[in-house]
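Undergrad: please find the sequence and the predicted model below.
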Amino acid sequence: METLFDQELVVINMGLEDFAKTLKERGTRVMHVRWQPPAQGDADLLSLLDKLK
Amino acid sequence: MVIKTHILKNTFKDSVYLMRLSGTVREFEGVIEAEVIVGTDHNKKFLRSGGLWTDEIESEAGANDLIIAVKAEDEDKADQAIQGTLDEMSKAVDRENLLGDFIPRTFETALQNLSGANLALLSIPGRYVRREADQVLDAGLHLMIFSDNVSLEDEVALKKKALEKDLLVMGPDCGTAIINGIPLAFANEVREGKIGIVAAAGTGLQEVSSLIHNFGEGISQGIGTGGRDIKADVGGITMLQGLKALLADKNTEVVVIISKPPDSEVTEKVLEAAAKSKKPVVVNFLGGDLEQVREAGCEPAGTLKEAAQKAVNLSRGKDADSADSALKADSELVKKEKARFRDSQKYLRALYSGGTLAYELLVLLEGKVDSVYTNLGYKEVEKLADVYKSQDHTVIDFGEDEFTQGRLHPMIDPSLRNSRIVEEAKDPETAVIMLDLVLGYNAHHDPAGSALEAIKEARETAEKDGRQLSFVTTVCGTDEDVQNRGEQVAKLEEEGVLVFSSNAEAAVFTAELLSQ
């Protein structure tokens, strides 16, 4: 785990955009994921998709 | 009265943006209630139960659509509010470009397009965290989970998986971290240095890292674990991983551990791991057993301030203890403030936004003042019967779930706390109003300015009734924060508000003020 401390921090941000924007403004390498609920938020469809995996 | 809705097809905005926007819509003239919300099944149920339901939602809105729902006095007012919301959304494109032209929709695509990615920051609804977090760990990335409402079962499973892969899972409900000098989520801008922190207490990490900076030293790493990590069920997995990593880290010379008293087995494991190292380890188990820490060969700290001070002293090659660590209230100032109160004014109303800071206040009031009520759990301190109504000495954390359901955290939107400040001023028994102002990334842009509006109104209310209130505050942050601590403090002091450099000093002063 110590290797993390020796590397440049490179972040994938999922959810709140502000977290990615703050990092970007500060010069950190970050990619924002415009995350949306899988299966369009349909709980039944989601559980089917999980079974298929 | 009329309910109108407007559906925007295939439009996605994050929850913080939408809560801010909902707040704006509610301020339009003639609006009784309003929500701007994504059309998921869960949200639709919420709108139906909240009386914001229309046939249009039923037939048109899906999980990829945005619903603007307005209950207003009449049709015109509702139309104006909906149009105003659309105008507001078209204006808010200023910082949008920061995200770049390519914004992927899945973790997998992001991973393919960002070389060297080594940490994922998750702030998605808790029930979806497990799916995404599993993918992140399978891809070999470390994780910070800001989301709450993740089940205990999921937390344990994710942390065990991460441990096998030698990866770190900070959170769930981890509000702040500093990794390789980079502040994540609600962190403060502090200089890099030799002191590493591992904390199961969000604002505890903010307070200690800020104080270390303000005392002239810096932070190597600030690892957050999430509050549940130290319970028996999780067994302190992240706390122990973080501690061991800091003890092995070549840039860390002193380690600080901050948390509420952990489960007894976790405490033993943490102290055992700390004792094995040659590096000094300062431990602040808020309100915990100092002697147990000392016996284990670690340096006990009774307060967050003391933890910061001892770590700074040790990092400078001095003894941990110094005159600076002692906390004592200025007796002249106590006398001066005391002289303001009329006989009826006996009680403290502490209105906090930082959970750990409120908890530390409870620790420091213990044995000094009687009859304390709170919405937090601390030893024998009584719970408030109604969190919206203070009783005797009251300590409230506005960051608790009862205040944040469907609403932004008070560090971002202090409006609920501000109205409570004014409310407390009406009570002839209120003597002291205590506030914590937490600065840093993603927090409110001017907490002091916002609080002062309420403070002025509260003062006027009390003065009309021939009373004077004492306002005691602490500002958590640094001069490097976007809000600039020095400027925030000056603003408060100009208005006669007492500002202390740490929460512990504010608490000790208040305890003295009320115990005489």
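TA: Now that the structure is in, tell me what you want to look at.

Undergrad: let me know the pLDDT of the residue in the stretch 251-400 of chain B that chain A sits nearest to.
TA: Nearest residue of the stretch 251-400 of chain B to chain A, counting by CB to the nearest CB: B:Asn251, 7.0 Å away. C-beta coordinates here come from the backbone N, C-alpha and C atoms, glycine included. B:Asn251 carries a pLDDT value of 96.

Undergrad: list the contacts of it.
TA: B:Asn251 makes contact with A:Phe5, B:Lys194, B:Ser220 under the criterion CB atoms under 8 Å, 6 or more residues apart in numbering or on different chains.

Undergrad: B:Glu291: which of those residues is nearest?
TA: Lowest distance from B:Glu291 to those (CB to CB) belongs to B:Lys194, with 27.6 Å.

Undergrad: and B:Val475, what are its bridge partners?
TA: B:Val475 forms beta bridges with B:Leu437, as assigned by DSSP bridges.

Undergrad: which bits of chain A sit near chain B?
TA: A:1-2, A:4-5, A:7-26, A:28-29, A:31-38, A:40-43, A:50 (CB under 8 Å from any CB of the partner chain).

Undergrad: show me where chain A dips below the pLDDT cut-off.
TA: A:2, A:39-53 (pLDDT under 70).

Undergrad: show me where chain A has helices.
TA: Here chain A has its helices, by DSSP state H, at A:2-6, A:17-25, A:43-52.

Undergrad: nearest to chain A within the stretch 301-450 of chain B, name that residue for me.
TA: Closest point on the stretch 301-450 of chain B to chain A, by CB to the nearest CB, is B:Tyr441, at 4.9 Å.

Undergrad: got the contact list for the closest residue to that residue other than its chain neighbours?
TA: Using CB to CB, 6 or more residues apart in numbering or on different chains and skipping residues adjacent in sequence, the residue nearest B:Tyr441 is A:Thr22, 4.9 Å away. Each residue near A:Thr22 by CB under 8 Å, 6+ apart is listed here: B:Pro183, B:Tyr441, B:Asn442.

Undergrad: are any of those residues buried, and if so which?
TA: B:Pro183, B:Tyr441, B:Asn442 (16 or more other CB atoms under 10 Å in any protein chain shown).

Undergrad: adding secondary structure, write these out as CSV.
TA: Listed next are those as CSV, based on DSSP: H, G, I helix; E, B strand; the rest coil:
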residue, secondary structure
B:Pro183, strand
B:Tyr441, coil
B:Asn442, coil
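
Undergrad: of the contacts of B:Asn251, which is the most crowded?
TA: B:Ser220 (23 neighbours; other CB atoms under 10 Å in any protein chain shown).

Undergrad: pretty sure that residue belongs to a strand, no?
TA: Yes: B:Ser220: assigned to a strand according to three-state DSSP.

Undergrad: dump the residue contacts of it.
TA: A:Phe5, B:Glu192, B:Gly193, B:Lys194, B:Ile195, B:Gly196, B:Leu246, B:Asp249, B:Asn251, B:Thr252.

Undergrad: which of the residues in stretch B:266-284 are buried?
TA: Buried residues in stretch B:266-284 (16+ other CB under 10 Å): B:266-267, B:269-271, B:273-274, B:277, B:279-284.

Undergrad: for the stretch 151-300 of chain B, what spans make up the helices?
TA: Along the stretch 151-300 of chain B, the segments classed as helices by DSSP state H, counting those that start in this stretch run B:152-164, B:202-214, B:237-248, B:264-275, B:290-295.

Undergrad: and what about the residue nearest to B:Thr54 when sequence neighbours are not counted, helix, strand or coil?
TA: Nearest residue to B:Thr54 in three dimensions, chain neighbours excluded: B:Thr5, at 4.6 Å (CB to CB, 6+ apart). For B:Thr5, the assignment made with three-state DSSP gives strand.

Undergrad: which of the residues of chain A next to chain B are buried?
TA: Here, 16+ other CB under 10 Å leaves A:1, A:4-5, A:9-24, A:28, A:31-38, A:41-42 buried among the residues of chain A next to chain B.

Undergrad: that older thread, pick the one among the contacts of B:Asn251 closest to B:Glu457.
TA: In terms of CB to CB, no member of those lies closer to B:Glu457 than B:Ser220, at 43.8 Å.

Undergrad: how about B:Leu416, what does it touch?
TA: Taking CB under 8 Å, 6+ apart as the test, what B:Leu416 contacts is B:Phe398, B:Phe403, B:Arg407, B:Pro410.

Undergrad: and the two most separated of these?
TA: B:Phe398 and B:Arg407 (9.7 Å).

Undergrad: more neighbours, the two?
TA: Using other CB under 10 Å, the more surrounded residue of B:Phe398 and B:Arg407 is B:Phe398, with 25 against 15.

Undergrad: got the contact list for that one?
TA: B:Leu351, B:Tyr352, B:Ser353, B:Thr404, B:Pro410, B:Leu416, B:Arg417, B:Arg420.

Undergrad: and if we set it to 10 Å?
TA: By CB atoms under 10 Å, 6 or more residues apart in numbering or on different chains, B:Phe398 lies in contact with B:351-355, B:358, B:375, B:387, B:404, B:407, B:409-411, B:413-414, B:416-417, B:420, B:436.

Undergrad: does B:Gly297 touch B:Lys276 like I think?
TA: Yes: the criterion here is CB atoms under 10 Å, and B:Gly297 meets it with B:Lys276 at 9.2 Å.

Undergrad: tell me the average confidence for stretch B:455-475?
TA: Computed over stretch B:455-475, the average pLDDT equals 97.
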